[in-house]
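Engineer: make a model of this:
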Amino acid sequence: MSFATKKDEESGLSTYYNNKTTVIQEARVFNESPISPRKCRALLTRIVYLLYVGETFNTQEATTLFFGTTKLFQHKDSALRQMVYLAIKELALTAEDVIMVTASIMKDMQPNSEVIYRPNAIRALARIIDPSMAQGVERFFKAAIVDKNPSISSAALVSAYHLFPDAKDVVKRWVNEAQEAVNAKSSSSFFGSGSSGSGYLGWGSSSSGANTGYQPIPSTSYITQYHSLGLLYLIRQQDRMAVTKMIQQLGGGKSGAGTTLKNPMALCMLIRYAAKVMEEDPNVQRQMLDLLEGWLRHKSDMVNLEAARVICEMKNVTPTQLTRSIAVLQLFLSSPKSTLKFAATRTLAALAVTHPSSVAACNIDLENLISDPNRSVATYAITTLLKTGNEASVDRLMKQISGFMSEISDEFKVIIVDAIRSLCLKFPAKHESMLAFLSGVLRDEGGYDFKRAVVEAMFDMIKFIADCKEQALSHLCEFIEDCEFTKLSVRILHLLGVEGPKAPNPTKYIRFIYNRVVLENATVRAAAVSSLAKFGLNNIDAKLGKSINVLLNRCLDDVDDEVRDRAALYLKVYEEPPLIQPYIKEESIYSLSALESKLVSYISDPDSLDEPFDASDIPKISREQASKDAARPSTLETIGVPSSSKAATPPPPSAAETQSNYAQQLSEVPELASYGPVLNSSSTPSPLTESETEYQVSVVKHIFKEHVVFQFNVSNTIPDTVLEQVSVIMQPQADSGLTEDFIIPIPTLTSATSPGVVYVSFTRDTPEEYVQASFQCILKFVSKELDPSTGEPEEEGYEDEYQLEDTELAAGDYIIPSYVTFASEWDRMRSGVSLTETFSLPAMESLKAACNSVIEILNMQPLGGTEEPQAPTVHTLQLSGLVGGGGGKVLVRCRMTYSKAQGVTLEVGVRAEQQAAADLVIAAIGG
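Structural biologist: You can find the predicted model right below:
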């Protein structure tokens, strides 16, 4: 297709020539007699081009063009016919009644038609037919898959791949043909080969060379194997055993020499399947590793590289297992091909994060690549060296990096900066040269991502390397003087407010901060006001406090209300010093997920709007925990690692997010609508069966003001069995103080619909008491077999039951972990309820075990790192929590001693706002 020149574009010719209206008008060339192949080809090209660049035809226009195009089926011009199929495929998505051309397409799929038409016809047919028609064309596709002509076979395999989502059952029956295609021998891979008469059901023979006019040329790509392997995996992907068997059959044994796969892409695909199997089933790792090591010696670089990469990304890989793959990658480092060098350095950069000593063997080769003309290769070489090098090589590497920072894109600059950030923490003594480098690049031109990476590297240096704090803060102050990114200015001002008052000479930062109030936009001005106030209110110097009070008074005249409000707030704190603790020095904040959930519940309940919003039950978290939750997903250890082929695992939801999800789920159950808001839910489901059993059940407990709801997550792992009327029968202990209300069963449960949820509701006889009870649980259901031919369950089934482990309603189910500043809160609550008890725990083997046990029983927040005993014989554990349903705040101080003879002796001190909450804690530990 010839594109219009720039001159044509300027004159508007291209716009007119490729205008949708013009194309539709010119479609009359399809009706001319005789047909002009050249004109029709040009018009079809323009139609496809318009669709390619995003132009849309409405249904009527698409249908008109579609059926105009089909009139060209009778023409003998092969290039025109190929263009017709291309246009038909694209227009079929929008046009109506496209199924009418099936007969014309089927005519070109016959074995006696010309070879050049058959692949196009197969691809077009797959796009046009309805899923219900797949069975009718099954014999054509089966014949085409095993055809001796690779272009026909590949077209059929790729079309089957696209048909699979809508016609699974039909395509699954083609597995034998796909297997035959993947095992194809070289002698049968000809383009336009002569007919043999031995094809599948008489359909597999291609047209003869005499009919086609094409000479038989041997195919050396074996691309059919790649396509057929993809289809085989698609069919078998739910059956891990079948996939494992397929990999072993096609793998070619330990050396890999016996494989029937000749196509490198097919082998790379097989290697990726092997990696997936290893990840899902560690038991086959040894067998798969033998295959992977065999592929390291394959003649194709692509296969060697893929095998080496998979071995390097294996979970818990040992240095011994890495030896061969690193040797292969080291050879690629000296290859003349840039692609191989890039791939090898990229893989080694990722591996250096976890196995720097293993990668260090390649350091000499990597140093030679620093001067490589391909800057991408040089970047990865340097980042790898930064991770594997020693302290002595840091200065030399920093000089080499400075030389080419201006020559690479921002994306690679970020990788370099992040690698230096990790190196700072590894070798703190070298912080001066690295800080000088970072401050230098901070002044260079660059986008937001690059500047953010540099700023965050400096943040980490301030946090973890005390010696460089003052110098780093000075560099950041200079940066905000000329910073074009509001977000970065705000973050730096916040850091100055936190770290500046602790510096030896805090007054030198005031000028930089106040300049922002004068010169910047409203967002930055508001951040600067908050930062200034922290200098004035941290009692550094009375004279400084007065000066900042004057500056804040000036901010009351600001044009932006946010700036004025912040200034007014901090001036009020000046007048009332007791407000400094909650507004300036408070170390905890509300959990945002829990606060959101509580607000949504408050707003959605009309009856609650008459009373003010109560925030006393909302758990708090430390500022450090909040910053972790808001942080980017990558950790310091994985910075600069190229993304792997696997999807990144999302971080697990926090406890508050889990609570919010449960509240949303319960609100959708009509029977529970009258119970009011859920006070607390279990943070994690408790398993009531072994993970290998045929029926898997776990329980989550939800506490309401007057009810307790047990949520049983039930999974059926047997694929050919359906369970109906699934329920859980709970038998509480005598005098439990709970009365069963109802059970909401699962009507039908199959392996595909698992897990299902059974709800069992109990009423708390005395809601003001915190009932603790044990329950026997039995899973009851009606089991029915599935008919393999129809997939429907049989009419007759049998009742069955399955004994589950006992579950308990314990103290931890009523308590929500919540962060506080323990010392000040403990003193504040000394006038409230206070209890002290001593317990002996002879079975405990260490203080750590005792800490874990107490935290698990009470489900409270450990504070100040006290969950990790620092001494082996004496320790104090500090815990905080909220008791749901108005029980208020509760603090626990556990003083413990350990001796081999007596085990752990525990003195538990409890301070609470309610007597019932204190009794609950003592009863839980005593029980």
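Engineer: drop to CA atoms for contacts and neighbour counts, all remaining ones
Structural biologist: Noted.
Engineer: quick one: the strands in the stretch 51-200 of the chain?
Structural biologist: Along the stretch 51-200 of the chain, the stretches classed as strands by DSSP state E, counting those that start in this stretch are 190-191.
Engineer: which stretches of it have low pLDDT?
Structural biologist: 111-113, 184-200 (pLDDT under 70).
Engineer: tell me which other helices or strands the strand or helix carrying R511 touches.
Structural biologist: Using DSSP states H and E, R511 sits in helix 510-519. In terms of contacts (3 or more C-alpha pairs under 8 Å, 6 or more residues apart in numbering; DSSP states H and E), helix 510-519 is packed against helix 469-480, helix 522-537.
Engineer: 6 Å instead, please
Structural biologist: When contacts are defined as 3 or more C-alpha pairs under 6 Å, 6 or more residues apart in numbering; DSSP states H and E, helix 510-519 sits against helix 522-537.
Engineer: got the angle for the helix it packs on vs helix 510-519?
Structural biologist: Helix 522-537 runs at 150 degrees relative to helix 510-519, counting by axes from the mean of the first three to the mean of the last three C-alpha atoms, to 10 degrees.
Engineer: give me the pLDDT value at the closest residue to A522 other than its chain neighbours.
Structural biologist: Distances taken as C-alpha to C-alpha, 6 or more residues apart in numbering place D560 nearest to A522, at 6.3 Å, with adjacent residues excluded. pLDDT recorded at D560 is 91.
Engineer: please apply the same query to S228.
Structural biologist: Model confidence at S228 (pLDDT) stands at 88.
Engineer: now it: how far from V158?
Structural biologist: 8 Å (C-alpha to C-alpha, to the nearest Å).
Engineer: ditto for T821
Structural biologist: 63 Å.
Engineer: between those two, which has more neighbouring residues?
Structural biologist: V158 (19 against 14; other C-alpha atoms under 10 Å).
Engineer: okay, now the domains of the protein?
Structural biologist: 13-177, 239-315, 483-588, 669-809, 813-926 (the TED database).
Engineer: among those, which is nearest Q321?
Structural biologist: Q321 lies closest to domain 239-315 among the domains of the chain, at 7.8 Å (C-alpha to C-alpha).
Engineer: so how far is the closest one off the chain centroid?
Structural biologist: 25 Å (C-alpha atoms, centre = their mean, to the nearest Å).
Engineer: buried residues in the helix holding R511?
Structural biologist: Residues of helix 510-519 classed as buried by neighbour count (16 or more other C-alpha atoms under 10 Å): I510, F512, I513, Y514, R516, V517.
Engineer: what is the neighbour count of F775?
Structural biologist: When neighbours are counted by other C-alpha under 10 Å, F775 comes out with 17.
Engineer: for it, give me its contacts.
Structural biologist: Q731, P732, D806, T807 (C-alpha atoms under 6 Å, 6 or more residues apart in numbering).
Engineer: so how far is R764 from it?
Structural biologist: Taking C-alpha to C-alpha, one finds F775 at 15 Å from R764.
Engineer: three-state assignment of Y759?
Structural biologist: strand (DSSP: H, G, I helix; E, B strand; the rest coil).
Engineer: that one and D557, how far apart?
Structural biologist: Relative to D557, Y759 is positioned 59 Å away (C-alpha to C-alpha).
Engineer: before we move on, what about A87?
Structural biologist: Distance from A87 to D557, by C-alpha to C-alpha: 67 Å.
Engineer: which stretches of the stretch 801-927 of the chain form strands?
Structural biologist: Using DSSP E, counting those that start in this stretch, strands in the stretch 801-927 of the chain cover 807-809, 815-817, 833-841, 861-862, 874-883, 888-899, 903-912.
Engineer: could I get these as CSV with mean neighbour count, distance to F450 and mean pLDDT?
Structural biologist: Below are the strands of the stretch 801-927 of the chain laid out as CSV (neighbours: other C-alpha atoms under 10 Å; distance: least, C-alpha to C-alpha, whole Å; pLDDT from 0 to 100):
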stretch, mean neighbour count, distance to F450, mean pLDDT
strand 807-809, 18, 52, 86
strand 815-817, 26, 38, 84
strand 833-841, 15, 54, 86
strand 861-862, 24, 38, 86
strand 874-883, 24, 41, 87
strand 888-899, 22, 45, 87
strand 903-912, 22, 50, 87
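Engineer: CSV please, covering those and showing distance to D281.
Structural biologist: Output for the strands of the stretch 801-927 of the chain, formatted as CSV (distance: least, C-alpha to C-alpha, whole Å):
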stretch, distance to D281
strand 807-809, 31
strand 815-817, 36
strand 833-841, 40
strand 861-862, 36
strand 874-883, 40
strand 888-899, 42
strand 903-912, 41
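Engineer: hmm, back to that, for A92, state which of the buried residues of helix 510-519 is nearest.
Structural biologist: Nearest member of the buried residues of helix 510-519 to A92, counting by C-alpha to C-alpha, is R516, at 60.0 Å.
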